[in-house]
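Enquirer: Would you be able to build a 3D model of this:
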Amino acid sequence: MSGLPSGWAETAISAIILPFDSVDPRAVPSAEFRYIDIGSIDNTRQQISSHKTFPGREAPSRARRIVKAGDVLFSTVRTYLKNIAVVPPSLDGALTSTGISVLRPSEAVDGRYLFHWVCSDPFVTAMSKAQDGTMYPAVTDRDVVSASISLPPLAEQRRIVAKLDALMARTARARTDIVRIPTLIATYKKVLLSAAFSGNLTREWRRTKGFPDADKVELGSVASDFTYGSAAKSSRSGMVPVLRMGNIQNGKLDWTDLVYTSDLAEIEKYRLSRGDVLFNRTNSPELVGKTALYNSERPALYAGYLIRIRCSNKLAPAYLTYCLNSPIGRDYCWSVKTDAVSPFISHYFCMIERSCDVVCWLFCRRATLWRRETRELLELFRAAAAAKKWSRWAGG
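Expert: Got it, this is the predicted structure:
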């Protein structure tokens, strides 16, 4: 074929593979067989991740083909899913399904080269176009083995394989790192919030400003209201949305899945104002205490399972929101929770109003907390988060 490098050849896969044997395991009912089906293949890593074991009498009708270590397995069903793998030495002699092509490399081809070739997007796309059937799209073994392959000399095949395997290993490591990112973010968030509300985050700032260390105050002395929301029935349409506990997600208000009310008395009584802090007072233990700040995104009321907190001019609402969502705040929720629903509601409401000093370490000057100072603290908090490229946790 023109365009190929010198020494390369174009041939059919059938010309470079060896035949395989088949067996009916039900002919030996008491013998034990290992079986690789399509579900055994991890198609994100192109590896065999599991196998089944059964006596011959229980073998499925498709369990017929005997595989050897180094065989390339290519699923002929829904080929776009890329259920492709190489048989490891531990599964030498196992059976596989008749829905899987067994490509046993001859001496003319490196097995890993053949594997990478059938994993390539051009090959899989060609097989997918050749599929027949709507409910059960599949190709035949003939379709697979009659497909062409570009074949360099064996030494060059091995150099290509070495480079591809190295790149695939790097990809696998990157994929592992990506999976770990949510855990790392959650851990960083906890560490950052713990530092913020224990005084460690702003220790140097307080020293340069000449401010004293943190004082503990009860939340009830710097905030007010602490009222339950509307208990009236809401509907899927109406004049004004009613925020429920499900609308507090990750420290913010989620404006999807809303319910509404058109009751003018309820709207007047429970209308939210900019700066109101909403606190979830019930639900499963891990969700109790989740908090969000209302910033007048749109007119809204709040439902009965939420508590509205209104801050005095000594407490910045954003600071309180961060504080209640911090590990210190959430630990406090766990310390006062009860398992019975009604006692939990009334008990926690009293605790949050009167005794929340554990979660509210407020930085003060001359025993008074001013908005200017909490704003500076919040700016430091956001700057610290941005420096680690996690600014979405800092309210940005």
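
Enquirer: shaky segments in the stretch 1-150 of the chain?
Expert: By pLDDT under 70, the low-scoring segments of the stretch 1-150 of the chain are 1-2.

Enquirer: which stretches of it form helices?
Expert: Taking DSSP state H, counting those that start in this stretch as the test, the helices found in the stretch 1-150 of the chain are 111-119, 121-129, 141-146.

Enquirer: Deepest in the core, which of these is it.
Expert: Across the helices of the stretch 1-150 of the chain, the average number of neighbours (mean count of other C-beta atoms under 10 Å) peaks for helix 111-119, which reaches a mean of 21. No exception for glycine: its C-beta is placed from N, CA and C like everyone else's.

Enquirer: and that helix with helix 121-129, angle?
Expert: Angle of helix 111-119 versus helix 121-129, following axes from the mean of the first three to the mean of the last three C-alpha atoms, to 10 degrees, is 50 degrees.

Enquirer: From the rest of the structure, what touches helix 111-119?
Expert: 13, 16-17, 46, 70-72, 74, 82, 84, 86, 103, 105, 123-124, 144, 149-150, 157-158, 160-161, 164-165 (C-beta atoms under 8 Å, 6 or more residues apart in numbering).

Enquirer: For the helices of the stretch 1-150 of the chain, could you give me CSV that also reports distance to D254?
Expert: Below are those laid out as CSV (distance: least, C-beta to C-beta, whole Å):
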stretch, distance to D254
helix 111-119, 41
helix 121-129, 38
helix 141-146, 48
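
Enquirer: Quick one: closest of those helices to L184.
Expert: helix 111-119 (30.3 Å; C-beta to C-beta).

Enquirer: For that closest one, list the C-alpha coordinates in CSV.
Expert: Output of helix 111-119 as CSV, limited to C-alpha atoms (Å, rounded to 0.1, in the frame of the first residue of the first chain):
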residue,chain,number,x,y,z
GLY,A,111,0.9,-9.5,20.7
ARG,A,112,0.9,-6.0,22.2
TYR,A,113,1.2,-4.4,18.8
LEU,A,114,-1.9,-6.3,17.7
PHE,A,115,-3.7,-5.3,20.9
HIS,A,116,-2.9,-1.6,20.4
TRP,A,117,-4.0,-1.9,16.8
VAL,A,118,-7.5,-3.3,17.6
CYS,A,119,-7.9,-0.7,20.4
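
Enquirer: wait, doesn't K82 sit right on D121?
Expert: No - counting by C-beta atoms under 8 Å, D121 is not a contact partner of K82; they are 9.2 Å apart.

Enquirer: Give me the buried entries from the contacts of helix 111-119.
Expert: With burial judged by 16 or more other C-beta atoms under 10 Å, the buried subset of the contacts of helix 111-119 is 13, 16-17, 46, 70-72, 74, 82, 84, 86, 103, 105, 123-124, 144, 149, 157, 160-161, 164.
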